[in-house]
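A.B. asks: sharing a sequence plus its predicted fold:
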Amino acid sequence: MSFLTLTEIKTDAIRRETLIVAWAALAIALVSLAYCVRHGTLLLYGDAVSHLHIARRVFDSLTPGYRQLGSVWLPLPHILLLPFVWNMAWWRNGLAGACVSIPSYVLGCAGMYRLARIWLSVPAAIVAVAFYGLNPGLLYMATTAMNEPLFLAEMIWAVLLIVEFQRSPNHKLLLQAGLVLVCAIFTRYDGWVYAAVAWLFATWPVLTQYRRRWREPVVGAWVLFTAMLVAAPSLWMAYNAKQFGDPLDFMRGPYSARAIEARTTPPGSPPRPGIHNMHDAALYFLKAAELGAAPLSLGKLLCWLSAGGTLAALWAFRRRQIWPVLLLWLPLPFYAYSVAYGSVPIFIPVWRPFSWYNTRYGMELLPAFAFFAGCLIPVLTSRAPRLQRYAVPATLLLVVANSVVLLRARPLVFQEAVVNARTRVAFETALAKTLAGLPEQGLILMRVSSDVGALQQAGIPLRRTVNEGDYLIWQHALENPAQSVSLVVALDGDAVSDAVQRHPQGLQLLNVVCSTGQPCAHIYHSRVVTR
């Protein structure tokens with residue numbers, strides 16, 4: 001039997017195994033979804049509500065169209081949500097988000113197993129994918145409209161395709177890697193850096209093996225691959241320039257991370273942790289990753305095991321194209337820089353300021369922890385053959401126990417969602433009840449960037465509102481609220497509240513909704529516009 005035939009048999013076997021892993025991941029994800037639906041946790045993250053809102057307003061708005069995709073968040077997650085938020089019930093209960101995140105979770109698990117199987121045995125690969133797929137935090141995020149499951153799947157599959165391309169240069173593999181990286185670029189800004197570094201790994205075999213064979217299909221594919229990675233961010237900047245007058249509006253516009261930090265930081269407050277300090281910023285990100293992947297007492301051990309597994313894998317598989325897997329560690333320097341210089345704070349409950357904020361970013365190291373910790377198994381068992389029979393079952397048992405402990409203690413990202421949703425959800429529920437009791441006709445003037453959940457709960461179509469996403473109509477309505485809409489919802493300190501103070505003529509106060517920790521909402525009726 002030829003070597004090629006043996007390789008093909010092994011590849012077919014891995015594909016069948018990967019399919020089994022995918023079905024198992026789907027079953028686990030559906031169980032998680034059923035639990036989260038029963039306990040009403042799909043919409044705890046304010047960002048999840050916002051993602052659903054952005055997708056919905058593309059077609060449900062006074063000014064529908066692609067401009068409603070906005071300028072700060074990248075568009076792919078919202079485009080993928082479009083078929084599902086069309087269903088009003090799925091928009092209201094959050095199931096639309098799970099329709100994207102669960103397939104992303106399944107693809108991530110399948111990609112992790114297939115990637116591990118390139119170098120590891122079946123049992124060791126099962127340990128790696130179990131550590132990744134049984135993480136309670138990831139399972140929770142897979143039920144929401146958050147984009148972490150999608151981006152993790154893109155990270156894993158980009159590495160997998162580049163590794164397979166290096167092992168067997170094929171123009172189709174390179175183009176597939178390019179498509180995955182373009183998706184990553186349009187999912188998170190991390191993807192821009194990820195794609196740039198991935199390009200280096202994909203370019204190396206082209207330069208070394210095809211220096212004098214420029215007519216090969218692989219070389220043409222590499223040119224197209226490069227063009228795709230350059231065109232994707234360029235297209236986003238061109239969109240920002242055309243729609244918002246600034247190609248970098250996502251970086252320095254009114255809704256950018258920099259602007260949000262400037263608005264929300266009280267004057268005279270102490271500097272946030274990690275600012276202008278790469279070392280401290282890296283420690284905060286790494287600690288968030290540890291807390292999300294292992295119990296507090298075992299976090300450092302997990303990091304040391306992953307670091308040891310990285311060194312062991314690089315040495316043991318140095319001649320088997322292991323180097324692109326180092327991309328899985330790229331989130332560490334990226335977020336260290338972002339926290340230090342990019343207006344991206346990370347707060348964790350065990351360090352100052354003893355709070356929860358952006359802890360989900362640490363989840364991006366979960367693939368690195370899973371893969372490289374799994375790489376320790378063949379290294380250790382090769383030194384002690386007697387342990388081979390017991391090493392994998394014992395390790396798998398530890399992985400399951402780790403997930404159970406994290407689940408009982410509540411995952412870090414779930415704790416963040418609960419803590420930060422407590423006052424917001426109570427306020428939006430009260431406001432939704434009030435709005436649902438008002439006449440179901442006429443336009444509503446309301447700023448929806450922060451409290452669109454009230455409209456979502458009340459089942460009020462977005463096309464009934466004049467909001468900041470309607471641009472010219474919004475500005476006109478602020479100049480004369482009573483002449484433009486039937487109802488006005490003014491939150492203390494927002495643009496609508498300022499407009500009411502400047503132009504109170506024709507407005508009658510109907511109700512005031514207040515909740516602890518949130519600004520009050522004053523609801524006015526227009527005596528001029530009656531429909």
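C.D. replies: Now that the structure is in, tell me what you want to look at. Not measured: the values here are computed from a predicted model.
A.B. asks: the spatially closest residue to residue 516 that is not a sequence neighbour: what secondary structure?
C.D. replies: Distance criterion Cβ to Cβ, 6 or more residues apart in numbering; nearest residue to residue 516, sequence neighbours excluded, is residue 423 at 6.0 Å. C-beta coordinates here come from the backbone N, C-alpha and C atoms, glycine included. Per DSSP: H, G, I helix; E, B strand; the rest coil, the local secondary structure of residue 423 is helix.
A.B. asks: so what's residue 423 up against?
C.D. replies: Applying Cβ atoms under 8 Å, 6 or more residues apart in numbering to residue 423 gives the contacts 515-518.
A.B. asks: where does the prediction get shaky in the stretch 151-300 of the chain?
C.D. replies: Applying pLDDT under 70 to the stretch 151-300 of the chain flags residues 211-215.
A.B. asks: that one: helices as residue ranges?
C.D. replies: 171-185, 190-209, 217-244, 249-252, 257-264, 278-293, 299-316 (DSSP state H, counting those that start in this stretch).
A.B. asks: can I get the helix or strand containing residue 104 in CSV? Just the C-alpha atoms.
C.D. replies: Residue 104 belongs to helix 95-117 when elements are defined using DSSP states H and E. Written as CSV, here are the backbone C-alpha positions of helix 95-117 (Å, rounded to 0.1, in the frame of the first residue of the first chain):
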residue,chain,number,x,y,z
LEU,A,95,-32.8,33.0,20.3
ALA,A,96,-31.6,34.7,17.2
GLY,A,97,-28.2,35.0,18.7
ALA,A,98,-28.0,31.3,19.6
CYS,A,99,-28.7,30.5,15.9
VAL,A,100,-25.3,32.0,15.0
SER,A,101,-23.3,31.2,18.1
ILE,A,102,-24.1,27.5,18.5
PRO,A,103,-23.0,26.7,14.9
SER,A,104,-19.8,28.7,15.7
TYR,A,105,-19.2,26.7,18.8
VAL,A,106,-19.7,23.4,17.0
LEU,A,107,-17.3,24.5,14.2
GLY,A,108,-14.8,25.6,16.9
CYS,A,109,-14.9,22.2,18.6
ALA,A,110,-14.6,20.3,15.3
GLY,A,111,-11.7,22.5,14.2
MET,A,112,-9.9,22.0,17.6
TYR,A,113,-10.2,18.3,17.3
ARG,A,114,-9.0,18.2,13.7
LEU,A,115,-6.1,20.5,14.5
ALA,A,116,-5.0,18.4,17.5
ARG,A,117,-5.3,15.1,15.4
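A.B. asks: helix 171-185 and that one, what's the angle between them?
C.D. replies: Orientation check (axes from the mean of the first three to the mean of the last three Cα atoms, to 10 degrees): helix 95-117 against helix 171-185 gives 140 degrees.
A.B. asks: quick one: name whatever helix or strand follows helix 95-117.
C.D. replies: Per DSSP H and E, the helix or strand that comes after helix 95-117 is helix 122-133.
A.B. asks: can you list the buried residues in the next helix-or-strand element following that following helix?
C.D. replies: On the C-terminal side of helix 122-133, the closest following helix or strand by DSSP H and E is helix 136-141. Buried residues in helix 136-141, counting neighbours by 16 or more other Cβ atoms under 10 Å, are found at 136-141.
A.B. asks: cool, stretch 508-526 as well?
C.D. replies: Neighbour-count burial for stretch 508-526 [16+ other Cβ under 10 Å]: 513, 515, 518-519, 521-526.
A.B. asks: secondary structure and pLDDT for those - can I get that in TSV?
C.D. replies: As requested, the buried residues of stretch 508-526 are exported to TSV (DSSP: H, G, I helix; E, B strand; the rest coil; pLDDT from 0 to 100):
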residue	secondary structure	pLDDT
513	strand	96
515	strand	91
518	strand	93
519	strand	93
521	strand	96
522	strand	97
523	strand	97
524	strand	96
525	strand	94
526	strand	92
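A.B. asks: let's have those residues in TSV, adding distance to residue 248.
C.D. replies: Formatted as TSV, these follow (distance: Cβ to Cβ, whole Å):
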residue	distance to residue 248
513	38
515	37
518	32
519	30
521	34
522	36
523	38
524	38
525	42
526	39
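A.B. asks: closest to residue 102 out of those residues?
C.D. replies: Checking those against residue 102 by Cβ to Cβ gives residue 518 as the nearest, at 31.4 Å.
A.B. asks: chain center to stretch 254-272: distance?
C.D. replies: 22 Å (Cα atoms, centre = their mean, to the nearest Å).
A.B. asks: how about stretch 410-427 as CSV, C-alpha atoms only?
C.D. replies: Output of stretch 410-427 as CSV, limited to C-alpha atoms (Å, rounded to 0.1, in the frame of the first residue of the first chain):
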residue,chain,number,x,y,z
ARG,A,410,-20.5,30.1,37.9
PRO,A,411,-18.3,30.9,34.9
LEU,A,412,-16.5,34.3,35.0
VAL,A,413,-18.2,35.6,31.9
PHE,A,414,-21.6,34.6,33.3
GLN,A,415,-20.8,36.4,36.6
GLU,A,416,-20.0,39.5,34.6
ALA,A,417,-23.2,39.3,32.7
VAL,A,418,-25.3,38.9,35.9
VAL,A,419,-23.6,41.7,37.8
ASN,A,420,-23.7,44.3,34.9
ALA,A,421,-27.2,43.4,33.9
ARG,A,422,-28.9,43.7,37.3
THR,A,423,-29.8,47.4,37.3
ARG,A,424,-30.1,47.6,33.5
VAL,A,425,-32.6,44.7,33.1
ALA,A,426,-34.7,45.9,36.0
PHE,A,427,-34.9,49.4,34.5
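A.B. asks: so which bits of the helix ranked longest in the chain are buried?
C.D. replies: Across the chain, the longest stretch assigned as helix under DSSP state H is helix 3-39. Going by neighbour count (16+ other Cβ under 10 Å), the buried part of helix 3-39 is 14, 17-18, 21-22, 24-26, 28-29, 32-33, 36.
A.B. asks: which one of these sits closest to residue 311?
C.D. replies: Looking across the buried residues of helix 3-39 and measuring by Cβ to Cβ, the closest to residue 311 is residue 14, at 25.6 Å.
A.B. asks: ok, the closest residue to the closest one other than its chain neighbours - contacts?
C.D. replies: Spatial nearest neighbour of residue 14, excluding adjacent residues (Cβ to Cβ, 6+ apart): residue 117 at 5.0 Å. Counting by Cβ under 8 Å, 6+ apart, residue 117 makes contact with 14, 17-18, 125.
A.B. asks: could you dump those residues into JSON lines and include pLDDT?
C.D. replies: Output for those, formatted as JSON lines (pLDDT from 0 to 100):
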{"residue": "14", "pLDDT": "89"}
{"residue": "17", "pLDDT": "95"}
{"residue": "18", "pLDDT": "96"}
{"residue": "125", "pLDDT": "95"}
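A.B. asks: would you turn those residues into JSON lines with distance to residue 272?
C.D. replies: Below are those laid out as JSON lines (distance: Cβ to Cβ, whole Å):
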{"residue": "14", "distance to residue 272": "45"}
{"residue": "17", "distance to residue 272": "45"}
{"residue": "18", "distance to residue 272": "42"}
{"residue": "125", "distance to residue 272": "40"}
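A.B. asks: give me the residues contacting the following helix or strand past the longest helix of the chain.
C.D. replies: For helix 3-39, the following helix or strand on the C-terminal side (DSSP H and E) is helix 46-57. Applying Cβ under 8 Å, 6+ apart, the contact partners of helix 46-57 are 42-43, 64, 68-70, 73, 77-79, 81-82, 85, 91, 94, 96-97, 144-147, 420-421, 424, 448-450, 452-453, 456, 462, 469.
A.B. asks: mean neighbour count and distance to residue 357 added to the helices of the stretch 151-300 of the chain, as CSV?
C.D. replies: Output for the helices of the stretch 151-300 of the chain, formatted as CSV (neighbours: other Cβ atoms under 10 Å; distance: least, Cβ to Cβ, whole Å):
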stretch, mean neighbour count, distance to residue 357
helix 171-185, 22, 24
helix 190-209, 18, 18
helix 217-244, 16, 26
helix 249-252, 18, 20
helix 257-264, 12, 10
helix 278-293, 22, 10
helix 299-316, 17, 19
